[in-house]
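Participant: Any chance you could fold what I've pasted below:
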Amino acid sequence: MQTSLRKTAAALALTVGSALCAQAQTPSTLDNVMQSGVLRACTPGDYKPFSFLRADGVFEGIDADLAQSLATALGAKVSFVKTSWANLMPDMLAGKCDIGVGGISVTTERQKKAFFSTAYMVNGKTPIVRCADVTKFQTLADIDKPGVRAIANPGGSNEKFAKTNYKQATLTIHPENLTIFDEVLQGRADIFVTEAAEALVQQKLKPGLCAVNPDKPLQYGEMAYLLPRGDVAMKAFVDQWLHLAQVTGEYQRTADKWLR
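Facilitator: You can find the predicted model right below:
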C-alpha cells in the first residue's frame, strides 16, 4: 500500500511540476510585445476624451496618448485595433489585443474574463440632458419615470446601467456612439447617462447640452486598462508604468490636455 501511495504521489508531483514548467516557459504578452516591437491596443475609438478615431484615421485622446507612452516604455510602437464596445471582450479573448484602452469601466463581469490594470481615474455615471431640463433630472428616480425617453449605446457599461436601473422610462439603444448626443440635443431623447468625463467634454462640444451634477455621479465608477487574463507579468509592467506616469506628472499633463 505504501509503495502504491509513493508511486501515486511521485506521479502527481511530476505532473504538477511539468505543468508549472510549461507555464513558466509560455511567453507572456510582455515578452511578445518586446520581441515583436508592436503593442496592439484595441479601442472602440468613439469615446472622447479617452480615444477618438478622427476622419484621417488617427486615434487621439487621453488613452491614445498614454498607449503611445506605454509602447515607448516597452521599446515598441503602438498599433491601434479598431473594435466596438460589444466586441471589445471577444477581441481580447481571441488574442487580437495586448491591451484594451479607451475609457473602459471596471466591472466584475469584465473581471471574470480579463485582468484590469490599476484604476487611473474615478469616473462615475452622470446624466447629460438639454440644459433647460437639468432641474428635472437630478436623481435616478427623476429619470426612471413614465414618459422619460432615455437612450444608451450598446455593448458597454452604459447599456448595463440603463437596463438595470430603468423600469418605467422608455429606453432606446442607439447603435452609434458618435451621434447619440445629437439625439438628446435635437429632442429625440431626453437623457443619456455616461461617465462624468465624457459628459463634461460633450457639454463643451455641443452647446445646449449640460452634464447633471458630474461631481456627484449616480453610480461610482473607475477607469482602467483591460489586459489578458492570467498574464501577471504584463499586468505588473503596466501597473508600474502607470504608477511612474502618475508620480512624474505625465499622466496629469496628458489628462489636462484633453479635459480642459
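
Participant: Please list all residues in contact with the spatially closest residue to Ser84 that is not a sequence neighbour.
Facilitator: Nearest non-adjacent residue to Ser84, counting by Cβ to Cβ, 6 or more residues apart in numbering: Pro44, 5.4 Å away. No exception for glycine: its C-beta is placed from N, CA and C like everyone else's. Applying Cβ atoms under 8 Å, 6 or more residues apart in numbering to Pro44 gives the contacts 51, 82-85, 88, 102, 177.

Participant: could you dump these to JSON lines with pLDDT, distance to Arg188 and neighbour count?
Facilitator: JSON lines is the format used below for those (pLDDT from 0 to 100; distance: Cβ to Cβ, whole Å; neighbours: other Cβ atoms under 10 Å):
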{"residue": "Ser51", "pLDDT": "97", "distance to Arg188": "26", "neighbour count": "25"}
{"residue": "Lys82", "pLDDT": "97", "distance to Arg188": "27", "neighbour count": "14"}
{"residue": "Thr83", "pLDDT": "96", "distance to Arg188": "27", "neighbour count": "22"}
{"residue": "Ser84", "pLDDT": "94", "distance to Arg188": "22", "neighbour count": "19"}
{"residue": "Trp85", "pLDDT": "92", "distance to Arg188": "21", "neighbour count": "20"}
{"residue": "Leu88", "pLDDT": "96", "distance to Arg188": "27", "neighbour count": "24"}
{"residue": "Gly102", "pLDDT": "96", "distance to Arg188": "26", "neighbour count": "28"}
{"residue": "Asn177", "pLDDT": "84", "distance to Arg188": "15", "neighbour count": "23"}
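
Participant: For these, give me JSON lines that also has distance to Ala236 and secondary structure.
Facilitator: Formatted as JSON lines, the contacts of Pro44 follow (distance: Cβ to Cβ, whole Å; DSSP: H, G, I helix; E, B strand; the rest coil):
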{"residue": "Ser51", "distance to Ala236": "24", "secondary structure": "strand"}
{"residue": "Lys82", "distance to Ala236": "28", "secondary structure": "strand"}
{"residue": "Thr83", "distance to Ala236": "25", "secondary structure": "coil"}
{"residue": "Ser84", "distance to Ala236": "29", "secondary structure": "coil"}
{"residue": "Trp85", "distance to Ala236": "27", "secondary structure": "coil"}
{"residue": "Leu88", "distance to Ala236": "23", "secondary structure": "helix"}
{"residue": "Gly102", "distance to Ala236": "22", "secondary structure": "strand"}
{"residue": "Asn177", "distance to Ala236": "32", "secondary structure": "coil"}
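
Participant: still on that earlier bit, what separates the residue nearest to Ser84 from Gly75, distance-wise?
Facilitator: Remark: distance between Pro44 and Gly75 (Cβ to Cβ, to the nearest Å) = 27 Å.

Participant: Ok, Ile143 next?
Facilitator: To Gly75, Ile143 is 48 Å away according to Cβ to Cβ.

Participant: Could you check which of these two is surrounded by more residues?
Facilitator: Using other Cβ atoms under 10 Å, the more surrounded residue of Ile143 and Gly75 is Ile143, with 23 against 11.

Participant: Report whether the expected contact of the more buried one with Pro127 is present.
Facilitator: Yes - between Ile143 and Pro127 there is a contact at 6.7 Å, judged by Cβ atoms under 8 Å.

Participant: any shared contact partners between those two?
Facilitator: Both Ile143 and Pro127 are contacted by 137, 191, 193, under the criterion Cβ under 8 Å, 6+ apart.

Participant: among those, which are in strands?
Facilitator: 191, 193 (DSSP state E).

Participant: Out of the shared contacts of Ile143 and Pro127, flag the one nearest to Gly37.
Facilitator: Val193 (40.6 Å; Cβ to Cβ).

Participant: Quick check: that closest one vs Pro217, distance?
Facilitator: Taking Cβ to Cβ, one finds Val193 at 9 Å from Pro217.

Participant: Overlap in contacts, those two.
Facilitator: 125-126.

Participant: who's more crowded, the two?
Facilitator: Set Val193 next to Pro217 and count neighbours by other Cβ under 10 Å: Val193 wins out with 27 against 20.
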